[in-house]
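> Predicted structure and sequence below. I'll ask about it afterward.
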Amino acid sequence: MFAVPANTIAAATVAPTVHPALIARAYATDRSRWAHLLRYDPDERFAALVDATAGQQVWLMSWLPGQQTDLHDHGAATGAFTVVSGTLTEHVRHRGTTHPLVPGQSRVFGPGYAHQVRNDGPDPAVSLHVYRAVRTMRAVSDGFGPLTADRPAELAG
Ligand SMILES: [Fe+2]
């Protein structure tokens, strides 16, 4: 046995080492977690919150043929989504690329990632989306001078 230091932080509800795409896939394959929430809305893309913790949200979305998002980003959030059924098409603005997605495929996003997602297929589509808040960090001087481009703040945490 060993003593636990007084400033030890309890394990987070969402392990930060679990990639959001793995979480999206896990939810996608476990229909018992969201099947009761699934709806199709002829007027707009349907979305329902499946699960939420302090650092993460999981959303179920359904897309009738032709339904889409606007071009958008996710602020400072990171995340991923997985197609459960049907097909979706993702257009990534900064790369100018378009990705047709079939069931089981996932896409990952982070800050600065802007995309548009659309159901171009003939059938309804279902997808699971994970959004994770980004940990904010402050640069802290260690007595060896300010953090600079050679010592970016991202390395401070
Ligand atoms: Fe998005």
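It's in. Quick caveat, the model's predicted, so the values are computed rather than measured. Residues are numbered from 1 along each chain as shown.

> residue boundaries of the strands in the chain?
Residue ranges of the strands in the chain, as given by DSSP state E, are 46-52, 56-63, 78-85, 88-92, 97-101, 106-109, 115-118, 125-132.

> Could you single out the most deeply buried of these?
Mean neighbours per residue, mean count of other CB atoms under 10 Å, is largest over those for strand 125-132, with a mean of 24. In this view, the C-beta of every residue, glycine as well, is placed from N, C-alpha and C.

> orientation of that strand relative to strand 56-63 in degrees?
What separates the directions of strand 125-132 and strand 56-63 is an angle of 160 degrees, with axes from the mean of the first three to the mean of the last three CA atoms, to 10 degrees.

> Tell me if I'm right that Trp34 and Ala24 touch.
No: Trp34 sits out of contact with Ala24 when judged by CB atoms under 8 Å, with a separation of 11.6 Å.

> Rebuild the strands of the chain as CSV, extending it with distance to His72.
Compiled in CSV, these are given as follows (distance: least, CB to CB, whole Å):
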stretch, distance to His72
strand 46-52, 13
strand 56-63, 13
strand 78-85, 12
strand 88-92, 11
strand 97-101, 16
strand 106-109, 10
strand 115-118, 7
strand 125-132, 12
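
> Now mean pLDDT and distance to Asp70 too, for those strands, in a markdown table please.
Converted to a markdown table, these look like this (pLDDT from 0 to 100; distance: least, CB to CB, whole Å):
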| stretch | mean pLDDT | distance to Asp70 |
| --- | --- | --- |
| strand 46-52 | 97 | 13 |
| strand 56-63 | 96 | 14 |
| strand 78-85 | 97 | 16 |
| strand 88-92 | 97 | 11 |
| strand 97-101 | 97 | 16 |
| strand 106-109 | 96 | 15 |
| strand 115-118 | 97 | 7 |
| strand 125-132 | 97 | 15 |
